[in-house]
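Novice: Kindly return the folded structure for what I paste below:
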Amino acid sequence: MWEGWSGNDKTIETVRNSTLNPISFVEKNLGTVGDDLQRQDINVNTNNINEKNNENIKKENKNENEDLLQQITKQLEQEYSNNIQQNNNNKNIKEVLEIIEISNPKIDNKLTLGDNIKFTVKTKGEDGNITISSNNDVLKPSQYTITPKKEKNEYEVLVSAQNIGNGRVVFSDGKSNKDYYFSVYQDVQEIFSLGINGPDTIFNTVKQKFTIYPIDKLGNTVNYNLDGNINISLLDRETNKSYDLMNQKINKQNNLFKFEIQAPKISNYRLIVNFKDEKNNLSANKNLESDIFIDYSKNDKYGNSMKELNKKGIIKGFEGKMMPNNNIIRAEIITTLVRYKYGDDFERFKNEMNKYIEKNGIFFEDINPEARYSPYIFMAYQDGVVKGAGGTHANPTIQAQKDELIALYSRFFNISKKDQFPSFIDVNQDDWFVDYANAAKNYNLFPFENKNKFEGSDFVSREKAFESLYRYMNVGEKMQPKIKTTEQKLEDAVKALINF
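Specialist: Below is the predicted model of the structure:
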């Protein structure tokens with residue numbers, strides 16, 4: 001019989017120590033076991049053992065070895081399976097997360113209000129979380145939990161000093177705590193002046209935001225509550241005229257004071273701020289330029305015209321914007337003409353319109369009395385400037401064509417010109433607007449892009465409509481007969497007597 005099969009322990013140990021897979025080992029040696037059985041059979045015949053005994057011996061040996069092989073195979077299969085399971089379990093086991101080290105450069109240092117403290121937390125393991133907590137509202141962590149990430153063992157946590165007093169920050173990994181104590185103090189930097197934060201350009205059509213704050217000699221912000229009297233003014237550097245914008249007591253529980261200003265007119269200014277309390281008398285100033293609109297500068301192509309129209313209160317824009325490329329509508333044209341003639345007395349226009357409607361009803365069927373432009377259209381209706389389509393509709397929101405715009409301006413300023421031939425190749429002598437087109441070209445009343453074409457059906461941008469209005473105003477005023485005042489007439493009479 002093959003050596004090593006005499007006992008279970010020895011046999012199993014032999015198989016275990018084999019370099020082959022346990023099942024392969026057993027299968028490989030099955031042939032060896034069979035050879036042993038044949039040798040036993042020969043020996044029995046040689047010793048003249050009767051045939052019946054030989055068969056019994058062979059059966060007994062065969063059964064014994066088969067039982068042994070089956071027992072070894074089952075035991076090795078079980079052990080092999082257990083080893084595989086154990087290896088898989090070992091792979092799935094995660095190391096418990098724990099804090100190895102926490103570093104912070106400000107530990108044991110005093111903190112001032114507003115400081116941010118950066119902690120660097122070094123860890124090992126992946127199973128679990130690290131919690132961060134504070135004992136009161138003096139210190140506030142940027143996060144309250146650190147959740148481990150794969151292949152990362154270093155994390156940063158910011159803690160802000162948000163109130164004056166003593167505070168504690170605690171880092172815990174579930175097994176141990178690491179405590180850090182801090183004292184937070186009011187910043188005692190010496191206040192030197194005020195800082196001003198805001199734009200370099202202000203507009204006379206919209207307010208701009210500014211902020212003032214106390215600073216030290218190096219220009220650093222100082223934590224100091226602004227509780228006292230503040231005065232804010234604008235000095236016109238061209239005329240030396242001062243505009244008081246604010247003079248009041250403020251009680252701010254922080255070091256910032258915010259306000260808004262709007263340019264009284266287009267000029268160059270100096271913003272002046274003064275603050276005074278029981279301990280300090282602080283001041284600051286900032287030079288400012290001014291402009292008309294956020295989206296249209298006084299330095300743009302027709303900037304000077306827009307500046308003058310805005311100065312007269314004729315164009316104001318919307319939320320600081322002129323929207324120069326938008327096509328102008330009829331209501332906007334009428335609004336500018338009424339402002340030119342009567343000024344921008346909106347409330348008076350509105351009261352007169354409401355009285356008329358209460359007595360006579362609506363003056364045009366497509367006018368909403370609540371619309372911003374309605375009082376201006378009413379004034380134009382009263383003056384006969386606007387008669388409406390069919391006498392019933394003003395069409396206020398329809399975009400104006402060039403021929404309509406120039407006709408309206410020409411009639412309003414009483415400017416037209418009769419020529420033997422039309423001034424444009426696309427205008428006929430019998431066109432209803434021919435005299436207005438001739439005047440527009442002859443007196444340069446519109447910024448035509450093509451000098452030879454009128455292109456009357458084109459819509460007109462707000463920029464070009466306002467530029468045209470400015471030109472009509474200047475030419476119209478020059479063409480109107482000068483009406484002398486009583487004083488001028490009296491002066492002329494005196495001169496006539498002297499000469500006589």
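Novice: Export stretch 298-309 to CSV, keeping only CA atoms.
Specialist: Taking Å, rounded to 0.1, in the frame of the first residue of the first chain, the C-alpha atoms of stretch 298-309 are listed here in CSV:
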residue,chain,number,x,y,z
LYS,A,298,-21.2,111.0,-22.3
ASN,A,299,-18.2,110.0,-24.4
ASP,A,300,-20.2,107.9,-26.8
LYS,A,301,-21.1,109.1,-30.3
TYR,A,302,-24.0,111.2,-29.3
GLY,A,303,-23.0,111.6,-25.7
ASN,A,304,-23.2,115.4,-25.6
SER,A,305,-26.8,115.4,-27.0
MET,A,306,-27.9,112.8,-24.4
LYS,A,307,-26.2,114.7,-21.6
GLU,A,308,-28.1,117.9,-22.6
LEU,A,309,-31.4,116.1,-23.0
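Novice: buried residues in that stretch?
Specialist: Judged by neighbour count using 16 or more other C-beta atoms under 10 Å, the buried positions of stretch 298-309 are 298, 300, 302-303, 305-309. Every residue, glycine included, has its C-beta placed from N, CA and C.
Novice: now, which of those residues lie within strands?
Specialist: Among the buried residues of stretch 298-309, no residue falls in strands (DSSP state E).
Novice: And those, which is closest to Asp179?
Specialist: Using C-beta to C-beta, Lys298 is the member of the buried residues of stretch 298-309 that lies nearest Asp179, at 63.4 Å.
Novice: need the contact list for the closest residue to that closest one other than its chain neighbours.
Specialist: Distances taken as C-beta to C-beta, 6 or more residues apart in numbering put Lys307 closest to Lys298, at 4.9 Å, once the chain neighbours are dropped. Listed by C-beta atoms under 8 Å, 6 or more residues apart in numbering, the contact partners of Lys307 are 266, 292, 298.
Novice: okay, the first one: pLDDT?
Specialist: On pLDDT, Ile266 comes in at 90.
Novice: Correct me if wrong: it contacts Ile292.
Specialist: Yes: taking C-beta atoms under 8 Å as the contact criterion, Ile266 and Ile292 are neighbours in contact, 6.4 Å apart.
Novice: overlap in contacts of the two?
Specialist: 204, 298, 307, 310.
Novice: Please flag which of those residues sit within helices.
Specialist: 307, 310 (DSSP state H).
Novice: which pair in the shared contacts of Ile266 and Ile292 spans the largest distance?
Specialist: The span of these, defined through C-beta to C-beta, is set by Asn204 and Lys298 at 10.4 Å.
Novice: which residues are common contacts for these two?
Specialist: 266, 292.
Novice: got the end-to-end distance for stretch 442-461?
Specialist: Start-to-end span of stretch 442-461 (C-alpha to C-alpha, to the nearest Å) is 22 Å.
Novice: residues making contact with it?
Specialist: Residues external to stretch 442-461 that are found in contact with it (C-beta under 8 Å, 6+ apart): 302, 324-328, 399-403, 405-406, 409, 415, 417, 419, 423-427, 431, 433, 437, 439-441, 464, 467-468, 471-472, 475.
Novice: so which strand or helix has the residue sitting nearest the centre point of the chain?
Specialist: Using C-alpha atoms, centre = their mean, the residue of the chain that lies closest to the mean C-alpha position is Lys209, 16.8 Å off. Here Lys209 sits within strand 208-215, counting by DSSP states H and E.
Novice: Show me what counts as buried in the next helix or strand after that strand.
Specialist: Using DSSP H and E, the helix or strand that follows strand 208-215 in sequence is strand 227-236. Buried residues in strand 227-236, counted by 16+ other C-beta under 10 Å: 228, 230, 232-236.
Novice: ditto for stretch 194-203
Specialist: 194-196, 198, 202-203.
Novice: can you check stretch 420-435 too?
Specialist: Residues 422-424, 427, 431, 433-435 are the ones in stretch 420-435 that count as buried (16+ other C-beta under 10 Å).
Novice: So which of the residues you listed belong to helices?
Specialist: 434-435.
Novice: Confidence-wise, which of the buried residues of stretch 420-435 comes last?
Specialist: Comparing the buried residues of stretch 420-435 by pLDDT, Pro422 comes last, at 84.
Novice: Look up how far Ser416 lies from that one.
Specialist: According to C-beta to C-beta, to the nearest Å, Pro422 and Ser416 sit 13 Å apart.
Novice: can you check Leu445 too?
Specialist: In this structure, Leu445 and Ser416 are 11 Å apart, going by C-beta to C-beta.
Novice: overlap in contacts of those two?
Specialist: By C-beta under 8 Å, 6+ apart, Leu445 and Ser416 have these common neighbours: Ala439.
Novice: and Phe364, how many residues sit next to it?
Specialist: Neighbour count of Phe364, defined by other C-beta atoms under 10 Å: 20.
Novice: tally of neighbours for the residue lying closest to it once chain neighbours are set aside?
Specialist: Nearest residue to Phe364, sequence neighbours excluded (C-beta to C-beta, 6+ apart): Ala394, at 4.3 Å. When neighbours are defined as other C-beta under 10 Å, Ala394 has 24 of them.
Novice: doesn't Asn368 make contact with Ala394?
Specialist: No: counting by C-beta under 8 Å, Ala394 stays clear of Asn368, with 10.8 Å between them.
Novice: circling back to that earlier point, JSON lines for the buried residues of strand 227-236, including pLDDT and distance to Ile357?
Specialist: Shown next, in JSON lines, are the buried residues of strand 227-236 (pLDDT from 0 to 100; distance: C-beta to C-beta, whole Å):
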{"residue": "Gly228", "pLDDT": "91", "distance to Ile357": "52"}
{"residue": "Ile230", "pLDDT": "94", "distance to Ile357": "47"}
{"residue": "Ile232", "pLDDT": "96", "distance to Ile357": "43"}
{"residue": "Ser233", "pLDDT": "96", "distance to Ile357": "44"}
{"residue": "Leu234", "pLDDT": "96", "distance to Ile357": "41"}
{"residue": "Leu235", "pLDDT": "96", "distance to Ile357": "47"}
{"residue": "Asp236", "pLDDT": "96", "distance to Ile357": "43"}
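Novice: For stretch 367-375, what does the pLDDT average out to?
Specialist: The model assigns stretch 367-375 a mean pLDDT of 94.
Novice: actually stretch 475-485, not the one I typed
Specialist: Stretch 475-485 comes out at a mean pLDDT of 68.
Novice: Pull out the buried residues from whichever strand or helix holds Val273.
Specialist: Assigned by DSSP H and E, Val273 belongs to strand 268-276. Neighbour-count burial for strand 268-276 flags 269, 271-275 (criterion: 16+ other C-beta under 10 Å).
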